[in-house]
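Peer 1: when you get a sec, could you give me coordinates for this:
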Amino acid sequence: MFGDDLALMVLLVFMFGASYLLHFLLDRFHLPSLLAPLLVGLMFRFIPQASWVGIYASSDELGVLSRLGIMLLIFLVGVRIDVDEFKRQSLNMISIAILNILFSTLIGMFVLLCYGYPVLISALISSALATVAEATIAPILDELDVIRSRSANLILGPGILDDVLEIATASIASVMIGGRGAFNSSMIFIGIVVLFALATLFHRLILPTLASLEVEARSYSLTMLMIVVALIFTVISEYFSLGLLLGAVTAGIVFQRFISKFDGNGECIKLLRALAYGFLGPIFFFTIGLSITPESIVKSAMLTLWLVLANFAGKFASTMIVGFHVKMNWKEVVIVGMGLSAKFSMGIIPAQMLYSAGLIDEALFTSYVGVSTITTITIPFTLSYIVKRWRENIINP
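Peer 2: Okay, the predicted model is just below:
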């Protein structure tokens, strides 16, 4: 009855309309508005009559809008990151990232070995499960206005660092199935160098030059410039397989000084936040909700449960060790451990590759998706609730 483009717009009408109505309920519980489209996506998946949504949900158009949404959300996170605090916590971030990978991989391996899976497959899937879905958590922490806190940095930092692990596990999976050209891990180092050089060039030359040319800075022209720079960094980061997040957050950090000089009243940031949190960001969270399948929770329930427990055990063990060393209060430990436990990141790619090649069975792949599903459903809401309750213990630990 409808063409594809018109049907996609009708789908967006339902999504935005339902999200708008749902935000009244979320406001009563002081939950972020971005959780509304995630819930709407879940509703579509759990309603049998709405099975047709999957056809349009997988469309290229919605995918592009979704990626633009997370790019803007992460760019805004980069703009608001406290760089000095980020530097102060760098050693703690690295420590948590390393310990998380170590504990999560070893505990996950033990579970999978007990189920009879080979050592290499167990190690690969467990390391993929060790990664953090920081792209989902960061916008929520930003909307809750705690993105500059130590807890937020200790979630975001390890999440960025383990992107290297995501690429490495995908590379190994690619080699195992004979597709050596699918991922080129040797490009990582070159990509990081190029991204750093580009950030330095923009920070020291391009943005100061543009600042000297700006006679009367208009909010819409500065907003356009921010979007252009965010796109440039994101394209470079994606080209070198560094992931979308690293490019977008770097662009935001680079823009901090420029924005403080020309956008003192915050007009440009208000425009970008309205675009990110009111239009493109909800589409990203809507696609996350649509990605969750009810079947993945039911199938292989026991293996899924053990992997969920392994996921939480690895994350909280690493957080407690570092937290004890830096004298974090127990509420900070809970928040960081919870934030690190979110899944649905790039780590699902190697699992999908191995399953498609027949190297892992349906039970293991379904359990992997099940872990991602359970953490995606529970963690954003739980984290939002406890951050609201313990806000003072996070901002002033």
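Peer 1: what about Ala248, distance to Ala317?
Peer 2: 30 Å (C-beta to C-beta, to the nearest Å). Yep, even glycine has a C-beta here, placed from its N, CA and C like the rest.
Peer 1: those two: which has the busier surroundings?
Peer 2: Ala248 (26 against 18; other C-beta atoms under 10 Å).
Peer 1: wait, the more buried one touches Val79, no?
Peer 2: No. When contacts are counted by C-beta atoms under 8 Å, Ala248 is not listed as touching Val79 (10.3 Å).
Peer 1: CA-only coordinates of stretch 63-78 in CSV, if you can.
Peer 2: What follows is stretch 63-78 as a C-alpha-only set of coordinates in CSV (Å, rounded to 0.1, in the frame of the first residue of the first chain):
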residue,chain,number,x,y,z
GLY,A,63,20.7,2.9,9.4
VAL,A,64,22.3,6.1,8.2
LEU,A,65,20.0,8.2,10.4
SER,A,66,20.8,6.0,13.4
ARG,A,67,24.6,6.4,12.9
LEU,A,68,24.2,10.1,12.5
GLY,A,69,22.3,10.1,15.8
ILE,A,70,25.0,8.3,17.8
MET,A,71,27.7,10.5,16.1
LEU,A,72,26.0,13.7,17.4
LEU,A,73,25.3,12.2,20.8
ILE,A,74,28.9,11.2,21.3
PHE,A,75,30.2,14.5,19.8
LEU,A,76,28.2,16.3,22.5
VAL,A,77,29.7,14.0,25.1
GLY,A,78,33.2,14.9,23.8
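Peer 1: contact partners of that stretch?
Peer 2: 135, 138-139, 141-142, 147, 156, 226-227, 230-231, 234, 244-245, 248-256, 269, 272-273, 275-277, 279-287 (C-beta atoms under 8 Å, 6 or more residues apart in numbering).
Peer 1: can you tell me the helix or strand for the most centrally placed residue in the chain?
Peer 2: By C-alpha atoms, centre = their mean, the chain has its centre lying nearest to Ala135, at 1.5 Å. Using DSSP states H and E, Ala135 sits in helix 134-143.
Peer 1: buried set for stretch 104-120?
Peer 2: Neighbour-count burial for stretch 104-120, counted by 16 or more other C-beta atoms under 10 Å, picks out Ser104, Thr105, Leu106, Ile107, Gly108, Met109, Val111, Leu112, Tyr117.
Peer 1: the last one sits in which helix or strand?
Peer 2: What it means is Tyr117. Judged by DSSP H and E, Tyr117 forms part of no helix or strand.
Peer 1: same question for the fifth one.
Peer 2: When secondary structure is defined by DSSP H and E, Gly108 falls within helix 90-114.
Peer 1: what about Met81? Give its phi and psi, please.
Peer 2: Let me fix one detail, which is that residue 81 is Ile and not Met. Backbone torsions of Ile81, given as degrees, to the nearest 10, read phi -60, psi 140.
Peer 1: residues in contact with it?
Peer 2: Ile147, Arg148, Asn153, Leu156, Val249, Gly252, Ile253.
Peer 1: lovely, talk soon.
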